[in-house]
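*Asks:* Turn this into a structure:
(2 chains)
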Amino acid sequence: MDVSIDESSAIPVYRQLVQQVVRAVLDGQLANPDPLPTIRQLAADLDITPATVAKVYQILEGATIIATAGRRGTFVHEQAREHAMRYLRHEMQNQFREFLGEQIANGIPPAELKRFVLTELADFTRRKP
Amino acid sequence: MIQSISVAILQILALSWMGYASLDIMRKQTMAKNMPWVLEHPDFLRRHHRADSRWLVSLSAVCIALVVAGPWVFPTILVVHVKNAAILAVVSVLCVVHPLQEKRIGDSIPKMMQRSASLRKRSTGDYAPKWLRWSADGAFAAMCLAFGVTFLVGSVPTSFALAVGISIAVAAVSMGWGRWAAISEKSPHFQQVRMVSDKDLSENYRRFAVRLMLILQLYIVGFLALILVFQIQGTPLVQNPFQDMLANWLGEANGHPPVLSYAQYDVVLSLATIPLFLYIPFNQAFADIRKIDLLGLVQKETP
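*Replies:* Coordinates of the predicted model:
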């Protein structure tokens, strides 16, 4: 499978790559024991610094979605799917907390925030086929 | 001496031809950084579509002049020494000048905003058949073992073992690096030029580079095995100045005279490498990239 980056996006390149690998694991496009390219290879092919790819691998390894087996390289973890789902929930929680924190700091009362979130969620669910 | 000079000139010309083709590949690699941008800037492309070969041509001419004039001016110097020193100096200069030139031009081309790459891990196995990989690595391991054993049982002198040991270490590092670079590094990749050729140019290039490295490994093993066989029989194949220096340093006595003098050995080695240098630019992997006409592309794009 291919990964792509968009440098004009507001999302940092390393997060774009993490998101694509996580999505590929959840979609079943990547599964244990698929090997991943070396840091050098991916960095050269995408024309980004090896440090960026190293950061991506570090995040994915920290979430136990991938595992490094010494000289054999980096592989998709045995329980990558479960861990990818857990990672997504964790990310969602972090982003949601950040959003809530910003709105409360902006002076929006928690009760109004709650009403807003519930209304938006209901609207979204109704619109989604 | 005339024979040595003629072979040295032929070798320099073959190397220059290979160097010229390599400069063309490097320039096209630089341009492939962002082909849409390059095509939108025809003036830039017209200025840089061809690699600057002035350094290569003038330094090759200096090399030939040194090889021809050196032994006449200094009769005690061997042609092989002049040639090797001159080639080493020229290659060192070109290895600094051209990457810097390409970097300067590459830096003026903006990166493409959207880029993609495969998540498939590349390995030697993708580009060379199993039998070639196993025979190259197996032969290399067997050769290391043979040299180790013959040295330990005292069949070869220490100076020989040291000189060959250093050659093996240099070969192992160079071959290993060559293979790694062919697989990991960005090889000429012209995804953007697929409008010209449907072939996957970078994969062709990698296949060629990896196989060349493995064949060179077999060639080096065969050559070192030949040297070892001659040495075990008590008659060294070649009088290697480095080995002589080590023998003097270790206080070893000179044995039998060698089968080939260093000059004769260099002529044989040069004659063996000239066809390779001449062939490489014509190889499909190089030729596919070299036949891309960048100026023709911009003319097609511009009505």
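*Asks:* where in chain A is pLDDT low?
*Replies:* Residue ranges of chain A with pLDDT under 70: A:128-129.
*Asks:* Spell out which parts of it neighbour chain B.
*Replies:* By the rule CB under 8 Å from any CB of the partner chain, the part of chain A lying against chain B is A:1-8, A:21, A:24, A:30, A:35-38, A:40-42, A:44-47, A:73. All C-beta atoms are positioned from the backbone trio N, CA, C, and that covers glycine.
*Asks:* Tell me which entries of those residues lie within helices.
*Replies:* Using DSSP state H, A:21, A:24, A:40-42, A:44-46 are the members of these that sit in helices.
*Asks:* Let me know the secondary structure of residue B:115.
*Replies:* Under DSSP: H, G, I helix; E, B strand; the rest coil, residue B:115 falls in the strand class.
*Asks:* neighbours of it, just the number please.
*Replies:* Residues lying near residue B:115 (other CB atoms under 10 Å in any protein chain shown) number 19.
*Asks:* From the residues of chain A next to chain B, list the buried ones, please.
*Replies:* A:3, A:5, A:21, A:24, A:30, A:35-38, A:40-42, A:44-46 (16 or more other CB atoms under 10 Å in any protein chain shown).
*Asks:* So which bits of the stretch 51-200 of chain B are right by chain A?
*Replies:* Within the stretch 51-200 of chain B, the positions adjacent to chain A are B:111, B:113-122, B:183-186, B:189 by CB under 8 Å from any CB.
*Asks:* Apply 7 Å and report the result again.
*Replies:* Within reach of chain A by CB under 7 Å from any CB of the partner chain, the stretch 51-200 of chain B has these residues: B:111, B:113-122, B:184-186.
*Asks:* Could you export those as JSON lines, including pLDDT?
*Replies:* Output for these, formatted as JSON lines (pLDDT from 0 to 100):
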{"residue": "B:111", "pLDDT": "88"}
{"residue": "B:113", "pLDDT": "88"}
{"residue": "B:114", "pLDDT": "87"}
{"residue": "B:115", "pLDDT": "86"}
{"residue": "B:116", "pLDDT": "85"}
{"residue": "B:117", "pLDDT": "86"}
{"residue": "B:118", "pLDDT": "85"}
{"residue": "B:119", "pLDDT": "88"}
{"residue": "B:120", "pLDDT": "87"}
{"residue": "B:121", "pLDDT": "88"}
{"residue": "B:122", "pLDDT": "87"}
{"residue": "B:184", "pLDDT": "81"}
{"residue": "B:185", "pLDDT": "72"}
{"residue": "B:186", "pLDDT": "68"}
